[in-house]
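Visitor: Model the structure of this input:
(one chain, ligands or ions: 1)
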Amino acid sequence: MKRLMCASAVLAMLAVSAAPLFAGDAAAGKEVYKAQKCSMCHQIGGEGGKMGGALDSVGTKRDAEWLKKYIKDPKSVEAASKMKAYPGLSDKELDDLVAHLLTLKAEPKK
Ligand code: HEC
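Guide: Below you'll find the predicted structure:
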C-alpha cells in the first residue's frame, strides 16, 4: 500500500511538472499567429515579412518559457529588441502560440 501511494505521488508530480509544456494547442496557436499578424515581420516557409527574421527553426533554439516571456515583453529578455510587445494576449493564446512555435523545427538554412 505504501509503495502504491508513493508511485501515485510520483505520477502526480510528473503530470504537474509536464503540464505547462503541453498546455498549448498548436493548431489554435497557428490561428493566433495569423490573427496577431506576426507574419508582417516574420517568415515561416518563405512567407511573410523580413524585418524580424524567419521563425522556421525557432523550435530548435528556444523553449516555452523563453518564448512566452519574449512575446509578452521582448525588451525584458533582450533590451535591444525591436519587436513589438504583446502584453494583451491571454494565457491561453500565449500557450497556444508558443505550442505552435515549438513545432517549427526546420533545419536552419545556412
Ligand atoms: C513589427 C515587427 C514584428 C512583429 C509584428 C512581430 N515581431 Fe517577432 N521579432 C521582430 C524583430 C525585429 C525581432 C528580432 C528582435 C531584435 O530586434 O533583436 C523579433 C524576434 C522574434 C522572436 C525571437 C526569435 C529568436 O529566436 O531570436 C520570436 C520568437 C518572435 N519574434 C515571435 C513573434 C511572434 C509570435 C509574433 C506575433 C505575436 C511576432 N514575433 C511579431 C519583429 C516583429
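
Visitor: any idea how far the ligand is from the residue nearest the centre of the chain?
Guide: The centre of the chain sits closest to Val98, judged by CA atoms, centre = their mean, with a distance of 1.9 Å. Plainly put, Val98 is 8 Å away from the ligand if you go by CB to the nearest ligand atom, to the nearest Å. For glycine as for every other residue, the C-beta is placed from the backbone atoms N, C-alpha and C.

Visitor: OK, contacts around the nearest residue to that residue once chain neighbours are set aside?
Guide: Distances taken as CB to CB, 6 or more residues apart in numbering place Leu67 nearest to Val98, at 4.6 Å, with adjacent residues excluded. Residues near Leu67 by CB atoms under 8 Å, 6 or more residues apart in numbering: Val58, Val98, Leu101, Leu102.

Visitor: Next up, the contacts around the last one.
Guide: So that's Leu102. Gly24, Ala26, Gly59, Asp63, Ala64, Leu67.

Visitor: Gly29 contacts Lys92, correct?
Guide: No - judged on CB atoms under 8 Å, Gly29 makes no contact with Lys92 at a distance of 9.8 Å.

Visitor: Looking at those two now, which is surrounded by more residues?
Guide: Gly29 (22 against 14; other CB atoms under 10 Å).

Visitor: Identify the residues contacting the more buried one.
Guide: Here Gly29 is in contact with Asp95, Asp96, Leu97, Val98, Ala99, His100, Leu101 (CB under 8 Å, 6+ apart).

Visitor: do the same with Arg62
Guide: The contact partners of Arg62, by CB under 8 Å, 6+ apart, come to Tyr70, Leu101.

Visitor: Quick check: it vs Ile71, distance?
Guide: Noted for Arg62: a distance of 10 Å to Ile71, by CB to CB, to the nearest Å.

Visitor: about what we covered before: would you format the contacts of Gly29 as TSV with pLDDT and secondary structure included?
Guide: Output for the contacts of Gly29, formatted as TSV (pLDDT from 0 to 100; DSSP: H, G, I helix; E, B strand; the rest coil):
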residue	pLDDT	secondary structure
Asp95	96	helix
Asp96	97	helix
Leu97	98	helix
Val98	97	helix
Ala99	96	helix
His100	97	helix
Leu101	98	helix
